[in-house]
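Visitor: after the sequence you'll find the predicted model.
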Amino acid sequence: MSYLRLRNGKFDLSRPKIMGILNVTPDSFSDGGQFFDLDKALKHAREMIADGADILDIGGESTRPGAQEVSAEQELARIIPVIQAVRAISDIPLSVDTQKAEVMQAAIAAGVDIINDVRALQNDGALAIVASSKVAVCLMHMQGEPDTMQIAPHYVDVVGEVISFLADRVEACRLAGISDDRIIVDPGFGFGKTLQHNLELLKHLGRLTSLGVPVLAGMSRKKMIRELTDCHNESSAAGSVAAAVLAAIRGARILRVHDVKPTVQALKLVTAIEWMDS
Ligand code: 7PM
């Protein structure tokens, strides 16, 4: 499947595309004023669009490993105004990073194109809501629960187990009536994985393409990159770009990144070579 069926028609995935991460976290230096946050988010969205992002992923913080739970009301209060504001300035496909069925439903009504769920639609009601809509979904693998998943991740065969989980979730989606051209899979780098697990998944990322749906990879600025590159306080953008390049060469068709501009530039080089005629 080298395209996704989105609200506005087919979204080409014959070449890798960039998903820019738009964080909608309340600013700790403000008193949580909505308009201030919204302005900041919109400015960031404009920048990423200008830098060449193909999709924007809006996250209301609830799915972050180790993050404290955010209520559906709080999450919606953060993301819905951002969805509406970005929609007012651009037609760029939007995804929403959420695991709550209630949030999915409201985000779909507000006009998002993709639900990005770190729980792969396993929460109550989530599968039914996506099935009854026209949006696409990103199914991510996670071992354990966000607050404890990094304590002792364990696999006998990390690549095989991730593929088998994702195959089951793809099948659950199909049975619910979600066609393959609405499904993306993601190994979930850093979600219940040691550095070695993450490296094995990146090395063998190509095997995930056997699931027959596009693969998304999100390694941007994660601990695996910072550890390998010894970047603890400085920017891990260069390592993140290298990881995105490796993932693209191994078949990932959506790269979820913070540093849009350098990743877009690097990916232009990759596509010029990997998709060269003759
Ligand atoms: C703290 C730790 C804050 C980790 C944020 C994160 C993914 C995702 C995230 C991913 C998909 C981050 C993560 N990661 N959705 N949401 N794939 N589909 O680094 O790898 O952004 S949250």
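Guide: Perfect, thanks for sending it.

Visitor: give the buried residues for stretch 14-24.
Guide: Neighbour counts over stretch 14-24 (16 or more other CB atoms under 10 Å) mark 16, 17, 18, 19, 20, 21, 22, 23, 24 as buried. Heads up, the C-betas are built off the backbone N, CA and C, glycines and all.

Visitor: which non-adjacent residue is nearest the first one?
Guide: The shortest distance from residue 16 to any non-neighbouring residue, by CB to CB, 6 or more residues apart in numbering, is to residue 248 (4.2 Å).

Visitor: any residue of the strand or helix carrying the one you found touching the ligand?
Guide: Element membership of residue 248, judged by DSSP states H and E, is helix 237-249. No: Helix 237-249 is not in contact with the ligand by CB under 6 Å from any ligand atom; minimum separation 9.9 Å.

Visitor: which strands and helices sit next to that helix?
Guide: When contacts are defined as 3 or more CB pairs under 8 Å, 6 or more residues apart in numbering; DSSP states H and E, helix 237-249 packs onto helix 195-203, strand 216-217, helix 223-229, strand 254-257, helix 260-274.

Visitor: ok, residue 130 - contacts?
Guide: Contacts for residue 130 (CB atoms under 8 Å, 6 or more residues apart in numbering) come out as 104, 108, 115, 121, 137, 173, 176, 178.

Visitor: take the residues you listed and keep only those in strands.
Guide: 115, 137 (DSSP state E).

Visitor: turn the contacts of residue 130 into JSON lines, columns for distance to the ligand, neighbour count and pLDDT.
Guide: Formatted as JSON lines, the contacts of residue 130 follow (distance: CB to the nearest ligand atom, whole Å; neighbours: other CB atoms under 10 Å; pLDDT from 0 to 100):
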{"residue": "104", "distance to the ligand": "14", "neighbour count": "27", "pLDDT": "97"}
{"residue": "108", "distance to the ligand": "17", "neighbour count": "19", "pLDDT": "97"}
{"residue": "115", "distance to the ligand": "10", "neighbour count": "28", "pLDDT": "98"}
{"residue": "121", "distance to the ligand": "12", "neighbour count": "25", "pLDDT": "98"}
{"residue": "137", "distance to the ligand": "10", "neighbour count": "27", "pLDDT": "98"}
{"residue": "173", "distance to the ligand": "15", "neighbour count": "22", "pLDDT": "98"}
{"residue": "176", "distance to the ligand": "19", "neighbour count": "13", "pLDDT": "98"}
{"residue": "178", "distance to the ligand": "16", "neighbour count": "23", "pLDDT": "98"}
